[in-house]
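[1] model this:
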Amino acid sequence: MELGLEIQKPSYQSKPDFVTGKTDKIKAYQFQCANCKTHIEIDFQRQIEYNWTGNTDLISDYERTELKKHYGIELSKKSHDGGFPVFDKVNCKNCGQLYVTYCGVTEFSNSAYSIHVQGIGKIN
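    Below you'll find the predicted structure:
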């Protein structure tokens, strides 16, 4: 997997994109496809479901290792916001462009989460 254009880069200071009890009505993070401007979504519930494994079923162990290196989270094993890093792939339904996503997921209380969308990169 080769990353191309990065639509979003990690930040240590970003505000959460989802917080249980505050933004429950927001089910997904939306961004525009770099090719055709179609809206693409990152499903927050999917990120929560995979927060203990670090990647969804669409990301191989090798890809997870490479993405951790790319984003500089090898040593701390934490996302830039202090949560667990979760990697996923999403595609544009219009043109088929594939993207890799990196979210920080924090369980701040029993079954209560905050999610920071830290990275979105176009796959070449």
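
[2] OK, contacts around the closest residue to Lys93 other than its chain neighbours?
    On the basis of Cβ to Cβ, 6 or more residues apart in numbering, the spatially nearest residue to Lys93 that is not a chain neighbour turns out to be Thr38, at 6.7 Å. For every residue, glycine as well, the C-beta is placed using N, CA and C. Contacts were defined as Cβ atoms under 8 Å, 6 or more residues apart in numbering; by that measure Thr38 touches Gln32, Cys92, Lys93, Asn94, Cys95.

[3] Then Asp57?
    By Cβ under 8 Å, 6+ apart, the contact set of Asp57 is Tyr50.

[4] Apply 7 Å and report the result again.
    With Cβ atoms under 7 Å, 6 or more residues apart in numbering as the criterion, no residue contacts Asp57.

[5] Next: Glu74.
    Taking Cβ under 7 Å, 6+ apart as the definition, contacts of Glu74 comprise Lys68.

[6] Can you tell me how far the nearest residue to Asn91 once chain neighbours are set aside is from Met1?
    Using Cβ to Cβ, 6+ apart and skipping the chain neighbours, the partner closest in space to Asn91 is Leu98 (4.9 Å). Shown here: Leu98 relative to Met1, a distance of 9 Å by Cβ to Cβ, to the nearest Å.

[7] any shared contact partners between those two?
    Jointly contacting Leu98 and Met1 under the rule Cβ under 7 Å, 6+ apart are Ile123.

[8] Report the buried members of the contacts of Thr38.
    Using 16 or more other Cβ atoms under 10 Å as the burial test, the contacts of Thr38 include Cys92 as buried.

[9] now the helix or strand containing Val90: mean pLDDT?
    Secondary structure assignment for Val90, by DSSP states H and E: strand 84-91. Per-residue pLDDT values across strand 84-91 average out to 96.

[10] Just give me the longest helix of this protein.
    In terms of residue count, the longest helix belonging to the chain (DSSP state H) is helix 61-71.

[11] That one vs strand 84-91, what angle?
    Per axes from the mean of the first three to the mean of the last three Cα atoms, to 10 degrees, the angle that helix 61-71 makes with strand 84-91 is 110 degrees.
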